[in-house]
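Trainee: Here is the input, now give the coordinates:
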Amino acid sequence: MRAPPLQPIFGSGPFQGRGIIPATPASSFGLPNNGFVPVATISPASTVADPAHNAELCYEGLQRAATLGAKVVAFPEVVLTSYIADDLLYHGILLESAERELGRLVERTADLDVLFSVGVPLCINGKIYNTVAVCHRGRILGVVPKTFIPTYGVDFEGRWFHSGPAEVTDITVAGQDHVPFGSHQVFRCRQLPQLCVGYEICEDIWSPEPPSIRLALAGATVICNGSASNASLEKDLYRRGLISGQSARLLCCYAYCSSGQGDSTSDVTVEGQEIIAENGSVIELSRKSIKSVDIVPAGRVFVDGSGVGDVGSIVLRDRKHLAQDGMIVVVLALSGEDSSLVSGPEIVTRGFIYEKESEDLIEEMKRVIFESLESCRHQHITDWAGIKNKVRTNLTGYLYKTTKRSPMILPVITEI
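Mentor: Purely as a prediction, here's the structure:
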């Protein structure tokens, strides 16, 4: 793709390997010298089926974000029509209005040094897609469709939207030709190659295989997610953990922006949650400060039933030991007066040998146990801990010498 003179330094780089838009002079994008890039999210109070009003809110938000120094800005999904437009999306007049207002918004922001993504429903080849348009300095650099379409709970998107294709093709949108369309796109800054931005939409991150995984593998260091996730009891905490965990796994910045109160109905409430996480750390923004409020470990976390990360190395070692060599339980009935043997020993094995086919070995194990008890009597060892240790040590040595295996041995003493 070629770009007119003095066009944006951002380009769309599909996974198929298309070229990147040529860079403009270094002064065209005010990147700080230390390599940090300000990222922002904006959740306007959108109005249902009023693209002109919603586009104006987006424009005002972009102006303020640019004034504050933001270079990457994310808006919620389908913000130009509102997420709750529902069956109004079947009307061509609404879709045409949304596309027209997208074009006007892009033109009006041509002087803003901000890469922004705005949610807009688009009809492409007769199908309606839930998309974000990625824009910079008067150009639509690419259109990214939603991959996973929810049709459960309070979401019925399958009624209106189709799942977007992964393959990138060219489309015409808002009066601009040759705009890349497809989910497998990343947008790289030529002046700061480390700044590589990818996009997914709401449900995509809740799926078993979020598109952001492939985006990160393709080089994305910033993932933006425009969403319209509903509010429910403690869902904000779950959502925050989801975002922070994804940023930890992908070692990236993850900017999440959900619809504001304008998309609430009598049945469903949204809260406009906005989250920015970096490498597992969630950043909390306020008028007076910026601070890290949560950290998610990046690495291997052991999930055991309902427990997460609460199984230590000793437990894992014992489980490995049991899996490799099995277990032997030695049951002894000892006198409470002098710790002499009253009955037994009884031997129970699990995962070591089949008792009915190893009677000779069982008898030899009992002989070792008798000798261990006799040794304890001669050494005046009467405490149960000492007796257990003697039985365990001697039996372990015998079994390893005989079978070259070291089963876990658990002596159990019953007082008579």
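Trainee: Just to check, Val268 is in contact with Ser229?
Mentor: No: Val268 lies out of contact with Ser229 (C-beta atoms under 8 Å); the separation is 10.3 Å. (C-beta placed from N, C-alpha, C; glycine too.)
Trainee: Looking at the two, which is more packed in?
Mentor: Taking neighbours as other C-beta atoms under 10 Å, Val268 and Ser229 compare with Ser229 leading, 25 against 16.
Trainee: contacting residues around the more buried one?
Mentor: 202, 235, 239, 258-259, 270, 273 (C-beta atoms under 8 Å, 6 or more residues apart in numbering).
Trainee: Most neighbours out of the residues you listed, which is it?
Mentor: Ranking the contacts of Ser229 using other C-beta under 10 Å puts Ser259 first, with 30 neighbours.
Trainee: ok, back up a step: switch the contacts of Ser229 over to CSV; also include secondary structure, distance to Met365 and pLDDT.
Mentor: CSV is the format used below for those (DSSP: H, G, I helix; E, B strand; the rest coil; distance: C-beta to C-beta, whole Å; pLDDT from 0 to 100):
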residue, secondary structure, distance to Met365, pLDDT
Cys202, coil, 62, 95
Lys235, helix, 57, 81
Arg239, helix, 57, 89
Ser258, strand, 65, 92
Ser259, coil, 69, 90
Val270, strand, 67, 80
Gln273, coil, 63, 86
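Trainee: I'd like to know which of those is nearest to Glu96.
Mentor: Ser259 (22.2 Å; C-beta to C-beta).
Trainee: give the contact list for the closest one.
Mentor: Per C-beta under 8 Å, 6+ apart, neighbours of Ser259: 43, 46, 76-77, 79, 82-83, 227-229, 270, 272.
Trainee: just checking, which of those belong to helices?
Mentor: Per DSSP state H, helices hold no members of those.
Trainee: Of the residues you listed, which belong to strands?
Mentor: Ser227 (DSSP state E).
Trainee: Could you look up the SS state of the residue nearest the centre of the chain?
Mentor: Geometric centre of the chain, nearest residue: Gln246, 2.8 Å, by C-alpha atoms, centre = their mean. Secondary structure assignment for Gln246 (DSSP: H, G, I helix; E, B strand; the rest coil): helix.
Trainee: Same check on Phe116?
Mentor: Using three-state DSSP, the structure places Phe116 in strand.
Trainee: From Leu62, how far out is it?
Mentor: From Phe116 over to Leu62 the distance is 6 Å, taken as C-beta to C-beta, to the nearest Å.
Trainee: hmm, back to that, ok, the contacts of Ser229 vs Lys320, which is closest?
Mentor: Out of the contacts of Ser229, the member with the shortest distance to Lys320 (by C-beta to C-beta) is Arg239, at 36.2 Å.
Trainee: Let me know the helix or strand that Arg188 is in.
Mentor: strand 185-189 (DSSP states H and E).
Trainee: Return the distance of that strand from the chain's centre.
Mentor: Counting by C-alpha atoms, centre = their mean, to the nearest Å, strand 185-189 is centred 21 Å from the centre of its parent chain.
Trainee: One more: stretch 260-273?
Mentor: Counting by C-alpha atoms, centre = their mean, stretch 260-273 is centred 24 Å from the centre of its parent chain.
Trainee: and that stretch, how far apart are its ends?
Mentor: Its first and final residues considered, stretch 260-273 spans 8 Å by C-alpha to C-alpha, to the nearest Å.
Trainee: before we move on, what about stretch 67-87?
Mentor: 37 Å.
Trainee: burial count for the residue nearest to Ala248 when sequence neighbours are not counted?
Mentor: In space, and not counting its chain neighbours, Ala248 is closest to Gly280: 3.1 Å by C-beta to C-beta, 6 or more residues apart in numbering. Residues near Gly280, counting by other C-beta under 10 Å, number 22.
Trainee: Hmm, Ile353 is touching Leu361, no?
Mentor: Yes: with contact defined as C-beta under 8 Å, Ile353 reaches Leu361; the gap is 6.4 Å.
Trainee: re the thing from before, let me know the closest of the contacts of Ser259 to Glu337.
Mentor: Closest approach between the contacts of Ser259 and Glu337, by C-beta to C-beta: Ser229, at 70.2 Å.
Trainee: So the closest one versus Gln191, what's the distance?
Mentor: 34 Å.
Trainee: And the helices in the stretch 151-300 of the chain, which stretches?
Mentor: 203-206, 211-217, 235-250 (DSSP state H, counting those that start in this stretch).
Trainee: What is the last one packed up against?
Mentor: What that stands for is helix 235-250. helix 203-206, helix 211-217, strand 222-227, strand 253-258, strand 274-278, strand 281-285, strand 290-295 (3 or more C-beta pairs under 8 Å, 6 or more residues apart in numbering; DSSP states H and E).
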